[in-house]
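Peer 1: My questions are about this predicted structure, shown below with the sequence.
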Amino acid sequence: NVYKMIEYADAMRQRDLVVHDGGSTQAEAIHMYENIVTILRNDRRRAKEKGEATDILKGGQAASSVIQSVNDEVYLPYNQKSLDGTLVAVLVAKGKQYFMANMFEKAVESYQDALEIAPAYLDALGSKASAQIILGQLQEAAEAYLKVMELDNQEDP
């Protein structure tokens, strides 16, 4: 199932953070994340075609009744996140794997894909800005960091 795939890909990414062996698992983790994203995008497309909400937390609660945005799902286990929350988290994880593999353009693309679903997702914004700095896109990075600071400082309603 997709949650086991995510667990495996995340474990490979964590191993890469700890072991630093030249990226022996980087390509495998990237491939796994790409497969997961494809599955989740297809699930999301099918749900939308049926008129189903994709921001429903597992267990049937509407995300909007419990949390205000995908940002609020960040600490939930994948199997409790909404479909949107799961997809966004996986896109960011994929972006981070690209970043560790020095594939900064691909990292920015992955973070941007996450931001298309959740425009205020702080982890995607901050991570995208970090990759943009390395790519020399300093103005874009500054704008993203300013947006992170603005969103992070907003008081809860």
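Peer 2: Everything's here; your move.
Peer 1: use CA for all of it now, contacts and neighbours both
Peer 2: Noted.
Peer 1: If you average pLDDT per helix and strand, which one of this protein comes out bottom?
Peer 2: helix 63-66 (a mean of 48; mean pLDDT, DSSP states H and E).
Peer 1: continuing past it, what's the next helix or strand?
Peer 2: Next along the chain after helix 63-66, taking DSSP states H and E as the criterion, comes helix 83-100.
Peer 1: Measure how far that following helix is from the centre of its chain, please.
Peer 2: Mean-position distance between helix 83-100 and its chain equals 3 Å (Cα atoms, centre = their mean, to the nearest Å).
Peer 1: And for stretch 120-134?
Peer 2: Put simply, stretch 120-134 sits 11 Å off its chain's centre (Cα atoms, centre = their mean).
Peer 1: what do you get for stretch 128-137?
Peer 2: 17 Å.
Peer 1: Can I get it in CSV, CA atoms only?
Peer 2: Extracted in CSV, the C-alpha atoms of stretch 128-137 (Å, rounded to 0.1, in the frame of the first residue of the first chain):
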residue,chain,number,x,y,z
LYS,A,128,12.1,26.1,-2.2
ALA,A,129,13.8,29.3,-1.1
SER,A,130,16.9,27.3,0.0
ALA,A,131,17.2,25.6,-3.4
GLN,A,132,16.7,29.0,-5.1
ILE,A,133,19.6,30.5,-3.2
ILE,A,134,21.9,27.7,-4.5
LEU,A,135,20.6,28.3,-8.0
GLY,A,136,21.3,32.0,-7.7
GLN,A,137,17.6,33.0,-7.8
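Peer 1: which outside residues touch that stretch?
Peer 2: 99, 104-105, 107-108, 111-112, 138, 140-142, 144-145 (Cα atoms under 8 Å, 6 or more residues apart in numbering).
Peer 1: Just the buried subset of these, please.
Peer 2: Listed as buried from the contacts of stretch 128-137 are 99, 104-105, 107-108, 111-112, 141-142, 144-145; burial here means 16 or more other Cα atoms under 10 Å.
Peer 1: So which bits of the helix or strand hosting E7 are buried?
Peer 2: Per DSSP H and E: E7 is located in helix 2-19. Within helix 2-19, the residues scored as buried using 16+ other Cα under 10 Å are 6, 9-10, 12-13, 15-16.
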